[in-house]
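Student: Fold the stuff below for me.
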Amino acid sequence: MRRLRPRTLRGRLTLGLVVLLTVIFAGVGLATAALLRTFLVDRLDQQLVAAGPHYAESLEHGQAENPLSDTRGQALGTFGARSADGMVTQSGVIARASGNGTSLVKLSAADSRALLALPPDGSAHTVRLSALGAYRLRAVAGDDGDTLVTGLPFEHVEDTVRDLAMTELALFGGAVVVAAVGGGAWVRLALRPLDRVATTAERVSTLSLASGEVALDVRVPDADRHDEVGRVGASLNRMLGHVENALARRQAVERRLRDFAADAGHELRTPLASVRGHAELALRRGADPHHALTRIDAEARRMSRIVDDLLLLARLDAGRPLESVDVDLTLLVLNAVDDAQAADHGDGDAAASDPLHAWRLDLPTDPVVVPGDPHRLAQAVANLVTNARVHTPAGTRVTVGIALRGDSARLTVEDTGPGLAPELAERVFDRFTRGDPTRSRASGSTGLGLAITQAIAEAHGGRVAVASAPGRTVFVLVLPITPRSAAGTAPPASGDGSSGT
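Tutor: Reported below is the predicted structural model:
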């Protein structure tokens with residue numbers, strides 16, 4: 001049975017349509033045949049009542065071909081019979097349409113029993129006589145204590161019902177064939193959009209999505225339909241878009257992991273080589289072990305900073321929750337600039353009293369409070385300020401300011417240095433990115449400061465950006481603020497750092 005079942009949806013829909021029409025037509029045919037048969041039987045019963053027992057009474061006066069048999073007004077094929085004392089005494093049938101045309105009917109024993117079993121109450125019954133076929137018979141009691149039976153042929157009813165059934169069978173059969181052909185074509189046309197959805201799904205299933213960059217540009221056409229197929233196509237397109245974005249993010253993560261592993265290995269290889277070299281020198285006779293151990297300690301500290309930064313980035317990438325308290329962003333800026341000025345003095349000539357850079361503050365009169373982790377936010381602010389100090393030449397003016405914009409605070413670190421190259425500005429927040437690798441290594445930089453700043457900003461619901469041109473570079477850190485900071489929108493006051501400029 002399963003082998004005969006269509007495998008395609010189109011075939012099942014067409015078969016279902018054909019079966020449904022067949023059931024409907026069969027029901028209509030049976031109902032009309034039953035109604036027609038009931039109507040014809042009722043009319044035949046009316047004719048029996050109208051004919052009365054006259055023909056059966058006339059049989060009492062003679063035998064077959066008896067001229068006294070009264071056949072006037074009787075229909076051709078009218079049957080009459082008389083029974084008395086438990087036996088059928090006379091029976092005949094009108095064989096000619098005109099004149100006295102009574103013919104004797106030879107009844108079998110079964111026919112006689114059927115006639116004797118008829119109740120003499122005037123009700124009509126269908127009886128099949130062996131010599132005449134099916135008849136509609138009606139028995140009434142006679143005046144002489146006998147029973148008179150009158151009947152009309154039932155074959156006209158059967159023939160009419162049979163002709164109707166054959167006509168309906170031909171018409172309904174043709175209608176089913178036309179419906180099967182036309183319905184199959186219509187179903188094929190209606191399911192054409194679903195075929196396109198299936199074709200798109202098959203094409204996607206053949207793509208290799210395991211690794212590497214995947215160009216998932218396959219989409220379902222005509223997905224803007226407002227029917228079920230259109231909704232399926234639109235949902236499939238949205239799902240493919242999500243899969244494409246997920247694959248792109250996966251590829252980006254894999255690329256970042258490869259670059260990260262290569263850069264981390266490169267960064268750790270240099271101090272490890274130094275540690276190994278100084279250890280070998282310390283083991284030699286005549287070498288200064290104090291100097292070697294000092295250098296080993298310095299390189300170990302450098303590796304420790306790299307590892308600490310990598311662990312911090314890993315925690316931030318994992319989305320681990322940070323502490324959330326009210327943090328005075330203005331105080332963080334003051335502390336970061338004060339530390340930068342102190343470091344600026346240390347970088348310059350010991351005999352000089354002025355720092356290498358000109359520091360300027362542009363802060364609001366009221367404190368700006370942001371929710372977040374005070375240690376991480378201090379690290380992000382210090383990274384931006386230190387970046388401006390380390391990567392700009394002496395004499396550069398650095399302006400650190402805070403401005404309120406709606407429900408966010410904008411911390412800007414602007415310098416008048418030479419600026420960033422365009423290709424460097426695009427990847428300045430990538431990990432292990434350096435503008436001057438030689439100077440960064442000498443100053444102990446790991447190339448992770450701005451990447452950490454970006455991760456901290458995103459962990460606090462903010463962002464960081466850079467705009468650079470020759471003579472002007474601006475780093476912007478945007479953070480959401482607490483409601484009380486939003487209320488304090490007094491005009492900002494400009495002031496110099498504590499050490500003067």
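
Student: From now on I want contacts and neighbour counts done on CA atoms only, so please keep to that.
Tutor: Noted.

Student: Wait, a strand at residue 395?
Tutor: No. Counting by DSSP: H, G, I helix; E, B strand; the rest coil, one finds residue 395 to be coil, located in no strand.

Student: roughly how far apart are the residue nearest to it when sequence neighbours are not counted and residue 450?
Tutor: Counting by CA to CA, 6 or more residues apart in numbering, residue 357 is the residue found nearest to residue 395 once chain neighbours are left out, at 5.0 Å. According to CA to CA, to the nearest Å, residue 357 stands 21 Å off from residue 450.

Student: now do residue 369
Tutor: According to CA to CA, residue 369 stands 23 Å off from residue 450.

Student: With residue 179 instead?
Tutor: Using CA to CA, residue 179 is found at 73 Å from residue 450.

Student: which of those two has more neighbours?
Tutor: More neighbours surround residue 450 than the other of residue 179 and residue 450, with 21 against 17 (other CA atoms under 10 Å).

Student: so what's the backbone phi/psi at the more buried one?
Tutor: phi -70, psi -30 (degrees, to the nearest 10).

Student: same deal with residue 470?
Tutor: According to degrees, to the nearest 10, residue 470 has phi -60, psi 120.

Student: How many neighbouring residues does it have?
Tutor: Neighbours of residue 470 (other CA under 10 Å): 11.

Student: Identify the residues contacting it.
Tutor: By CA atoms under 8 Å, 6 or more residues apart in numbering, the residues touching residue 470 are 417-420.

Student: now swap in residue 389 and tell me
Tutor: Contacts of residue 389 (CA under 8 Å, 6+ apart): 340, 344, 357, 398.

Student: Distance check, residue 282 against residue 429.
Tutor: Counting by CA to CA - residue 282 and residue 429 are separated by 40 Å.

Student: which of the two has more neighbours?
Tutor: When residue 282 and residue 429 are compared on other CA under 10 Å, the one with more neighbours turns out to be residue 429, at 22 against 17.

Student: The spatially closest residue to that one that is not a sequence neighbour: helix or strand, and which one exactly?
Tutor: Distances taken as CA to CA, 6+ apart put residue 451 closest to residue 429, at 4.8 Å, once the chain neighbours are dropped. Secondary structure from DSSP states H and E places residue 451 in helix 449-459.

Student: Verify the stated contact: residue 372 with residue 325.
Tutor: Yes. If you go by CA atoms under 8 Å, residue 372 and residue 325 touch, sitting 5.3 Å apart.

Student: Among the two, which residue is more densely surrounded?
Tutor: The residue with more neighbours, out of residue 372 and residue 325, is residue 372; 23 against 12, by other CA under 10 Å.

Student: ok, how many other residues are close to the closest residue to that one other than its chain neighbours?
Tutor: Distance criterion CA to CA, 6+ apart; nearest residue to residue 372, sequence neighbours excluded, is residue 324 at 4.1 Å. If you count neighbours by other CA under 10 Å, residue 324 ends up with 12.

Student: which residues does residue 324 contact?
Tutor: 371-373.

Student: from these, which ones fall inside strands?
Tutor: Using DSSP state E, the subset of the contacts of residue 324 located in strands is 371-372.

Student: now the contacts of residue 324 in JSON lines, with pLDDT?
Tutor: Formatted as JSON lines, the contacts of residue 324 follow (pLDDT from 0 to 100):
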{"residue": "371", "pLDDT": "94"}
{"residue": "372", "pLDDT": "92"}
{"residue": "373", "pLDDT": "92"}
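
Student: which among the contacts of residue 324 gets closest to residue 408?
Tutor: Set against residue 408, the nearest of these by CA to CA is residue 371 (11.0 Å).

Student: Which neighbouring elements make contact with the lengthiest helix in the chain?
Tutor: Identified as the longest helix of the chain according to DSSP state H is helix 228-283. Applying 3 or more CA pairs under 8 Å, 6 or more residues apart in numbering; DSSP states H and E, we find helix 228-283 packed against helix 192-205, helix 289-317.

Student: what angle separates the last one from helix 449-459?
Tutor: Here the directions of helix 289-317 and helix 449-459 differ by 30 degrees (axes from the mean of the first three to the mean of the last three CA atoms, to 10 degrees).

Student: where's the dip in pLDDT among the contacts of residue 389?
Tutor: In terms of pLDDT, residue 344 ranks lowest among those, with 81.

Student: Now find how far off-centre the host helix or strand of that residue is within its chain.
Tutor: Residue 344 is part of helix 329-347, with elements assigned from DSSP H and E. Centroid displacement of helix 329-347 relative to its chain, using CA atoms, centre = their mean, to the nearest Å, is 55 Å.

Student: Stretch 16-27 now?
Tutor: Offset of stretch 16-27 from its chain centre (CA atoms, centre = their mean): 34 Å.
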